[in-house]
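Participant: No sequence on hand, only this structure:
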């Protein structure tokens, strides 16, 4: 697992830029603070803990759905192979039956009878050649039938295995969905129990002004994500009115014609890995040892992400979101 130390030179440069901007009367967009500060109430800390657990279960549930889709695809392919093999088996079995019958009918034409009934040496050779061809075709058809039977049996085995995998995935999804529903309910109850002042602080949208983005697909994907600021986080949501962390990233890249996985686990494997020192706009930043959260980098300091229920899509300091696990560059 890679670690990402703070890039002192970049932060120093940003600080210097901030000083110059303030001296010139300019306003500089600030990174949003962590929604759960160290001095938060016990109720807020409990809510944050529960919502983090719910988010993790949500991503695991989505991964289980992906596993089910793959298993169902394997089952469909295996069933198609089985049908094709059985059809080929039936055709070849009929061919073998016809050739066997023809061979039996022509069995009296052995070498001796061929000599006795042949009008000439050439006629004898023609008869023997025909018998050889018939026997060869029969043997070839038998070989083909054997191969078709083996293929059908292999397809049946794979279909059975794929069906078992699909059933296991269905059972896994059921267990995860039950756990997820319980966790979400508990997190929402904890949110409703918060003082109004803390709910208002969680709901702060942060900086909503214009953020310049670079040209190209990564920049346009970032523009999409930034355009969703203020929309709520909902576990398992796929937009367009609400998001979870990974669905926002998927939709952002889909908007520029790039397909990426639905889950944080899948997103943690795409493109190529880069360090925090190399981070560029549009890079996906994956958090925590179990990779259950993701944001999109704006630059080396800030990122935009869907945080958790009760917290809108917003800009936040990259490292304040959580411990960085990996950063993936989707484009370039």
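Facilitator: Cool, the structure landed. Since this is a predicted model, take the numbers as computed values, not measurements.
Participant: And the most centrally placed residue in the chain, which helix or strand is it part of?
Facilitator: Here the mean C-alpha position of the chain is nearest to the C-alpha of residue 261 (C-alpha atoms, centre = their mean), at a distance of 3.6 Å. Using DSSP states H and E, residue 261 maps to neither a helix nor a strand.
Participant: all helices of the stretch 151-300 of the chain, in order?
Facilitator: Listed from the start of the chain, the stretch 151-300 of the chain has helices (DSSP state H, counting those that start in this stretch) covering 196-202, 217-227, 245-254, 264-267.
Participant: one step back: so who does the residue nearest to the centre of the chain touch?
Facilitator: For residue 261, the contacting residues are 66, 246, 250, 267, 269-270, taking C-beta atoms under 8 Å, 6 or more residues apart in numbering as the criterion. Quick note: C-beta positions are derived from backbone N, CA and C, even for glycine.
Participant: nearest to residue 313, of the residues you listed?
Facilitator: Distances from those to residue 313 were compared by C-beta to C-beta; the smallest belongs to residue 246, at 12.8 Å.
Participant: For the closest one, the count of nearby residues, please.
Facilitator: Each residue near residue 246 was counted by other C-beta atoms under 10 Å, and the total is 29.
Participant: I figured it hits residue 60, correct?
Facilitator: No - because the distance of 11.7 Å does not satisfy C-beta atoms under 8 Å, residue 246 is recorded as not touching residue 60.
Participant: so how far is stretch 295-313 off the chain centroid?
Facilitator: The chain centroid and the centroid of stretch 295-313 are separated by 21 Å, computed with C-alpha atoms, centre = their mean, to the nearest Å.
Participant: could I get the helices of the stretch 151-300 of the chain as CSV with distance to residue 79 and mean pLDDT?
Facilitator: Supplementary listing: the helices of the stretch 151-300 of the chain in CSV, determined by distance: least, C-beta to C-beta, whole Å; pLDDT from 0 to 100:
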stretch, distance to residue 79, mean pLDDT
helix 196-202, 49, 91
helix 217-227, 38, 98
helix 245-254, 30, 98
helix 264-267, 26, 96
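Participant: how about stretch 271-280: buried residues?
Facilitator: Neighbour-count burial for stretch 271-280, with 16 or more other C-beta atoms under 10 Å as criterion, is recorded at 271, 274, 276, 279-280.
Participant: do the same with stretch 154-174
Facilitator: Judged by neighbour count using 16+ other C-beta under 10 Å, the buried positions of stretch 154-174 are 155-156, 158-159, 162-163, 165-166, 169, 172-173.
Participant: which of these has the weakest pLDDT?
Facilitator: pLDDT across the buried residues of stretch 154-174 is lowest for residue 166, at 74.
Participant: how about low-confidence regions in the chain?
Facilitator: Within the chain, the set of residues satisfying pLDDT under 70 comprises 1-40, 92-139, 141-142, 145.
Participant: Domains in it, by residue range?
Facilitator: 72-192, 206-332 (automatic domain parsing).
Participant: So for residue 48, which of those domains sits nearest?
Facilitator: The nearest among the domains of the chain, by C-beta to C-beta, is domain 206-332 at 7.7 Å.
Participant: Would you mind measuring the gap between the ends of the closest one?
Facilitator: When the termini of domain 206-332 are compared using C-alpha to C-alpha, to the nearest Å, they are 30 Å apart.
Participant: Distance from the chain centre to that domain, please.
Facilitator: Mean C-alpha position of domain 206-332 versus that of the full chain (C-alpha atoms, centre = their mean) differs by 16 Å.
Participant: related to what we said a few turns ago, for the buried residues of stretch 271-280, name the two members farthest from one another.
Facilitator: Greatest spacing in the buried residues of stretch 271-280, by C-beta to C-beta: 271 and 276 (15.6 Å).
Participant: Can I get the helices of the stretch 151-300 of the chain in TSV including distance to residue 47?
Facilitator: As requested, the helices of the stretch 151-300 of the chain are arranged in TSV below (distance: least, C-beta to C-beta, whole Å):
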stretch	distance to residue 47
helix 196-202	8
helix 217-227	25
helix 245-254	17
helix 264-267	21
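Participant: count of neighbours near the nearest residue to residue 41 once chain neighbours are set aside?
Facilitator: Here the nearest residue to residue 41 in space, its sequence neighbours aside, is residue 198; by C-beta to C-beta, 6 or more residues apart in numbering that works out to 6.5 Å. Residues lying near residue 198 (other C-beta under 10 Å) number 19.
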